[in-house]
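> Mind folding the following:
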Amino acid sequence: MNKVTPYNTGAAKKEEVEQMFDNIAFRYDFLNSLLSLGIHKGWRKKCVKKLERIKPNAILDVATGTGDFAIACAKLNPTKITGVDISEGMMKFGREKLKKLNLDKLITLEKGDAETLAFEDNSYDAIVVGFGVRNFENLEKGLINLQRILKPGGKIIILEFSYPRRFPVKQFYNFYFSYVTPFIGKLFSKDSRAYSYLPESVKAFPDNENFTAILTKCGFKNANFESVSLGIAAIYEAGK
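Numbering: from 1, shown residues only. From the prediction side, this is the model:
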């Protein structure tokens, strides 16, 4: 995976990603819905459905951001959901959302990243990551740590952008991601790099079969993926 960072300052990717999300936190939810036309909500519902069979009690949401994936997982009736993120700015808005929805007792948000999480071995029934693995400083190190935290018989579900291969979706996606997304992102978030980094990081990410191979290499079992919305994103599923 090529190293793509938001600001190319030479600082650690983790630090730049944290700064970027702190910068755009106040507009993140609005821009997410605007740029995806709300499609991302349906993708998350599909992810949650994949967890219904195992009836998870404890769920970990990595790169939780403003908490949308954690909130979607609440319908599974777990006993606890922990969201972790490197951006306090994003979680500040997430905590406000949780209070409004009366979910702040069920869902707790705390600072952390996949590579350094110190939860005990085999401590979560399910782990979800929404649009976060692209931003890991060290992809394999992060995944190996998540595999350690996941309980035997548990599942990890990862939702991530992918790169469409077919004409004309590939061409439209390329134009939209390369020109429309950065323009609108800059207009509303005032961060000229954040929404240019998005398409760059998607292009650099080892998606589809390449990513399921990495999951297998990191110790997960039965790794598979499902393309959604003509290949714009993919849902990865694996067990332990």
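
> just the strands in the protein please.
58-62, 80-85, 107-111, 124-130, 150-161, 221-228, 233-239 (DSSP state E).

> closest to Lys203 out of those?
Nearest to Lys203 among those is strand 150-161 (9.7 Å), distances taken as CB to CB. For every residue, glycine as well, the C-beta is placed using N, CA and C.

> And that closest one, how far out from the chain middle?
Its chain's average C-alpha position is 12 Å from that of strand 150-161, according to CA atoms, centre = their mean, to the nearest Å.

> Packing partners of it?
In terms of contacts (3 or more CB pairs under 8 Å, 6 or more residues apart in numbering; DSSP states H and E), strand 150-161 is packed against helix 39-49, strand 124-130, helix 209-217, strand 233-239.

> Show me the one of the strands of the chain that comes nearest Phe211.
Using CB to CB, the nearest of the strands of the chain to Phe211 is strand 233-239, at 6.1 Å.

> what packs against that closest one?
helix 39-49, strand 150-161, helix 209-217, strand 221-228.

> Please identify the most buried of the ones you listed.
Comparing those by mean neighbour count (mean count of other CB atoms under 10 Å), strand 150-161 comes out on top with a mean of 20.

> Could you list the residues in contact with that one?
Residues from elsewhere that reach strand 150-161 (CB atoms under 8 Å, 6 or more residues apart in numbering): 43-44, 47, 50-51, 54, 56, 69, 122-134, 146-147, 198, 202, 205, 207, 211, 215, 220, 232-240.

> separation between Arg44 and Ile235?
9 Å (CB to CB, to the nearest Å).

> Quick check: the gap between the closest residue to Ile107 other than its chain neighbours and Lys75.
In space, and not counting its chain neighbours, Ile107 is closest to Ile81: 4.5 Å by CB to CB, 6 or more residues apart in numbering. Using CB to CB, Ile81 is found at 11 Å from Lys75.

> Looking only at neighbour counts, state which of those two leads.
Neighbours per residue (other CB atoms under 10 Å) separate Ile81 from Lys75, with Ile81 holding more: 28 against 12.

> give the contact list for that one.
By CB under 8 Å, 6+ apart, the neighbours of Ile81 are Ala58, Ile59, Leu60, Asp61, Ala70, Cys73, Ala74, Leu106, Ile107, Thr108.

> If we use 7 Å, what do you get?
Ile59, Asp61, Ala70, Cys73, Ala74, Leu106, Ile107 (CB atoms under 7 Å, 6 or more residues apart in numbering).

> Rebuild those residues as a markdown table, extending it with neighbour count and pLDDT.
Below are the contacts of Ile81 laid out as a markdown table (neighbours: other CB atoms under 10 Å; pLDDT from 0 to 100):
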| residue | neighbour count | pLDDT |
| --- | --- | --- |
| Ile59 | 27 | 99 |
| Asp61 | 28 | 98 |
| Ala70 | 27 | 98 |
| Cys73 | 26 | 98 |
| Ala74 | 17 | 98 |
| Leu106 | 18 | 98 |
| Ile107 | 24 | 98 |
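
> For Asp113, which residues are in contact?
Lys14, Ile86.

> Swap in 8 Å and give it another go.
Lys14, Val62, Val84, Asp85, Ile86, Phe136, Glu137, Gly142 are the contacts of Asp113 under CB under 8 Å, 6+ apart.

> which of those residues has the most neighbours?
Ranking the contacts of Asp113 using other CB under 10 Å puts Val62 first, with 26 neighbours.

> rewinding a little: closest one to Tyr163 among the helices and strands packed on strand 150-161?
Between those, strand 233-239 lies closest to Tyr163; by CB to CB that is 9.7 Å.

> Done for today, thanks.
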